[in-house]
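S.K.: Just the structure for this:
(2 chains)
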Amino acid sequence: MSNGGWTGTVLRVDLTTGRISKEPLNMDWAKSFVGGRGLAARYLYEEMDPAADALGPDNKMIFATGPMTGTNASTSSRYMVVTKGALTNAITTSNSGGHWGPELKFAGYDMLIVEGRAPVPSYISICDGDVRICSAEHLWGKTVWETDDIVREESGQHDTVVTCIGPAGENLVRFAAIVNDRHRAAGRSGVGAVMGSKNLKAIAVRGTGGVPIADPQKFMSAMWEMKSKLVEHPVTGEGLAAYGTAVLVNIINESGALPTNNHQVSQLEGADNISGETLADTRLVANKACFGCTIACGRVSQLPGEAQDKFTVTTRPHNWKIAVEGPEYENAWAMGADCGINDLDALIKANAMCNELGMDPISFGATLAAAMELYETGAVSDEQTGMPLNFGSGDALVAMTEKAAYREGFGDELAEGSKRMTAKFNRPEFFMGVRGQEFPAYDARAIQGMGLGYATSNRGACHLKSYTVAPEILGIPEKMDPAVTEGKAEITKIFQDATCTVDASGLCLFLTFGVGLDEIQPQLEAVTGISYTVPELLEVGERVWNIERMWNQRAGFSGKDDTLPKRLLEEPIPDGPTKGEVNRLGEMLPEYYEIRGWNAEGEPTQEKLASLGLA
Amino acid sequence: MAKSLRIIPEKCTGCMQCELACSWVQTGMFQPSRSLIRVNIFDEQASYAPYTCFQCDEAWCMTACPVNAISIDANTGAKVVGDANCVGCGLCTIACPFGTVFYNPDTQKAFKCDLCDGNPACAVACPTGAIEYTESESADWLGGWAEKVNESYLTSIEGGNAA
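M.R.: Numbering: from 1, shown residues only, chains lettered A, B, ... in the order given. The predicted model follows:
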């Protein structure tokens, strides 16, 4: 039994019946899946039929913290939303920071499991042991920021933290996000649409309890050691701190790996205009940290007077004057480079609108990029789109952000995500993604390992499941050649497993630029009082990866889905330093299956499952 | 000269490490609701800054206490609540003009910043140097900060015509 880290209690809310219950955490599972992404996957695997409709009442949502969440270990802010994704129909694991996860912990819960569907718009109010389902009729239609204000006011407590959906989630936009602290999002795979389908507008939490530590002395020494390493590292101590994640714009562009114009080319002209350096010079007003974070990669920007009225959207004009978070690298890419746009003001505005309306800017931006290609190739007309959708148009970006969230006009097509949209207009080859989810900001033709990572990612294309950009481009921990396929199967497996472990711990993946499982292991051990070796922690990650894979098999996915769009496999990059490259997935995938202990069809073997305790 | 806590609001990122460190000192757990330093986040103004007891020269909490439970620590100059004497009436929490004396429902006593006997955990924990423990006459820096905030307020309501 543990005496630290976990609270030991799971909160369960059935929205159909209104039943609220508290149950002891399954400690056997907690030990072998740790928490967050891992533990939630174990519960979801046990409790839910993966074939259920993602937007139906039988889908479940698990909001899960890890044992490190809420401690003073650096980056201890994370919680995971684990559910069947509305965009992908696969298991999704959307991660968010801010203050909501720690607050759930302080209220006394490791996880919140939401089931069923509320008969009327509702929100869940949690104040320590007092949990209620409240009417949200008056909140339906409100933006994320309005909802945040109203729900906090209603709670009567200044310190209440709110996670909620905006109009996009209500309108079942396939890539709707769940947003906490106004600007922090469990962004991808349409978790916001799942919440909307349950008539659940918000979850407000206030917790006054504490997180105990099993071995304080050991913890403090390991915690300080990790913090000093993060300060000393050039990425976590300098790059991310000084320029935020958008420090990557110039680096990736110069590497010829910045997908541009819906992956037609891999460099953006004028990329520096949307870089972290330019942001810092021109629009930045503050750096902002999530709870417990000593890196503080969050950017806060503000449009100067002349830029406030630059675009056609004039609703809620107050919001163009205030300080807003972002842009980050991923949304600067998706709504910027992928749409051929190098106007920083358009990105600041569209990104803030995504937060305000509750949408994933990666999938939205990438879907708009696909729409722009549809438009420029004549597959959709001006009449259908309602306005010109040319690559490079900041005006189109800002206008379509709002239209997508409200499903107005052509926004209704965008709201389905690029896979469904391109199929409808008979150009499925314009869909740039895997398992229905759009690619993030790295061209897999220029970085071979990322192609394998995308193709095999359980939640669909994602940069946060095996970030081999670190070795292949940044040289962390050691430089690998991005153009070769050799060694990529092995590094991808290790990165996938280690990432699962970090995601299970409650810490942020970004700390892995500077430290690894060697630094996390003593902290986790001291927090929980349960001994883990580093190889055991890596095995925890492998166990999580395999249970997600099995969940997806039961949802109808197979090895056939471990693939990339034709553009990345067959159409060489036309220009730039990576000219002529395609992704050579076929050279990596069989080796990957073998290293994973899976058969030639990509199914985990009985031996592998038995060795992980999953048989 | 005594040392005092000096807060540099522009350096704060809102990470809450000070709250975590303080609550650890108070309770032996990570429990921000029991922290004696509090960070208020104002998103629209991009303002995040901790505040805690300024150890006023003219300490109203001491004046208000009916049982003389608050005394001055000889080494640090901190105004310290003596648990043995405190009856938990809460008058000091009302008297404090800055709202930095709190009532602890677990112990049923008042509690406030005691400068950790001269090594404040919040200043040690702050990763950006937004909290310093330095020698100065008193919390004089607060006046300058207040003037600055007041000026920006006047500017915003008078369209830049403030004196």
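S.K.: Count the neighbours of A:Thr422 for me.
M.R.: A:Thr422: 25 surrounding residues under other CB atoms under 10 Å in any protein chain shown. (Glycine included, C-beta is placed from N, CA and C.)
S.K.: start to end distance for stretch A:550-563?
M.R.: Across its full length, stretch A:550-563 reaches 18 Å between end residues, using CA to CA, to the nearest Å.
S.K.: Quick one: distance of it to the chain centre.
M.R.: 20 Å (CA atoms, centre = their mean, to the nearest Å).
S.K.: For it, buried residues please.
M.R.: A:550-552, A:555, A:557, A:559, A:561-563 (16 or more other CB atoms under 10 Å in any protein chain shown).
S.K.: repeat for stretch A:531-545
M.R.: A:532, A:537-545.
S.K.: Switch those over to CSV; also include secondary structure.
M.R.: Formatted as CSV, the buried residues of stretch A:531-545 follow (DSSP: H, G, I helix; E, B strand; the rest coil):
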residue, secondary structure
A:Tyr532, coil
A:Leu537, helix
A:Leu538, helix
A:Glu539, helix
A:Val540, helix
A:Gly541, helix
A:Glu542, helix
A:Arg543, helix
A:Val544, helix
A:Trp545, helix
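S.K.: Out of the residues you listed, the closest to chain B would be?
M.R.: Closest to chain B out of those is A:Tyr532 (20.5 Å), distances taken as CB to the nearest CB.
S.K.: residues contacting the nearest residue to that closest one once chain neighbours are set aside?
M.R.: Spatial nearest neighbour of A:Tyr532, chain neighbours left out: A:Glu525 (5.7 Å); criterion: CB to CB, 6 or more residues apart in numbering or on different chains. By CB atoms under 8 Å, 6 or more residues apart in numbering or on different chains, the contact set of A:Glu525 is A:215, A:218, A:531-532.
S.K.: Quick check, A:Gly449 in contact with A:Thr492.
M.R.: Yes. Using CB atoms under 8 Å, A:Gly449 is in contact with A:Thr492, at 5.7 Å.
S.K.: between these two, which one's more packed in?
M.R.: Between A:Gly449 and A:Thr492, counted using other CB under 10 Å, the more crowded position is A:Gly449 (31 against 27).
S.K.: The more buried one belongs to a helix, doesn't it?
M.R.: Yes. The assignment for A:Gly449 (three-state DSSP) places it in a helix.
S.K.: For stretch B:117-130, which residues meet the burial criterion?
M.R.: So for stretch B:117-130, counting by 16+ other CB under 10 Å, buried means B:120-123, B:125-128, B:130.
S.K.: How is chain A partitioned into domains?
M.R.: As assigned by automatic domain parsing, chain A contains the domains A:9-206, A:241-438, A:448-611.
S.K.: Pipe those domains into TSV and attach distance to B:Cys96 per row.
M.R.: Shown next, in TSV, are the domains of chain A (distance: least, CB to CB, whole Å):
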stretch	distance to B:Cys96
domain A:9-206	17
domain A:241-438	27
domain A:448-611	35
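S.K.: Could you dump those into JSON lines and include mean pLDDT?
M.R.: Formatted as JSON lines, the domains of chain A follow (pLDDT from 0 to 100):
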{"stretch": "domain A:9-206", "mean pLDDT": "98"}
{"stretch": "domain A:241-438", "mean pLDDT": "95"}
{"stretch": "domain A:448-611", "mean pLDDT": "97"}
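S.K.: can you count the residues close to the residue lying closest to A:Cys290 once chain neighbours are set aside?
M.R.: Closest residue to A:Cys290 apart from its sequence neighbours, by CB to CB, 6+ apart: A:Gly97 at 3.4 Å. Residues within reach of A:Gly97, counting by other CB under 10 Å, total 27.
S.K.: same deal with the one 10 residues further on?
M.R.: Per other CB under 10 Å, the neighbour tally for A:Ala107 reads 23.
S.K.: Also A:Asp382?
M.R.: So A:Asp382, with other CB under 10 Å, has 10 neighbours.
S.K.: For it, what are phi and psi?
M.R.: For A:Asp382, the backbone dihedrals are phi -60, psi -40 (criterion: degrees, to the nearest 10).
S.K.: need the contact list for it.
M.R.: Per CB under 8 Å, 6+ apart, neighbours of A:Asp382: A:Pro388.
S.K.: Looking at the buried residues of stretch A:531-545, which one is closest to A:Ala371?
M.R.: Comparing those against A:Ala371 with CB to CB places A:Trp545 closest, at 33.5 Å.
S.K.: thought the closest one was touching A:Ala498?
M.R.: No. Using CB under 8 Å, A:Trp545 makes no contact with A:Ala498, being 10.2 Å away.
S.K.: For chain B, see how far away the closest residue in space to A:Glu373 that isn't next to it in sequence is.
M.R.: Counting by CB to CB, 6+ apart, A:Glu373 lies nearest to A:Asn262, which is 4.5 Å off, once chain neighbours are set aside. As judged by CB to the nearest CB, to the nearest Å, A:Asn262 and chain B stand 33 Å apart.
S.K.: Good, we can wrap up now.
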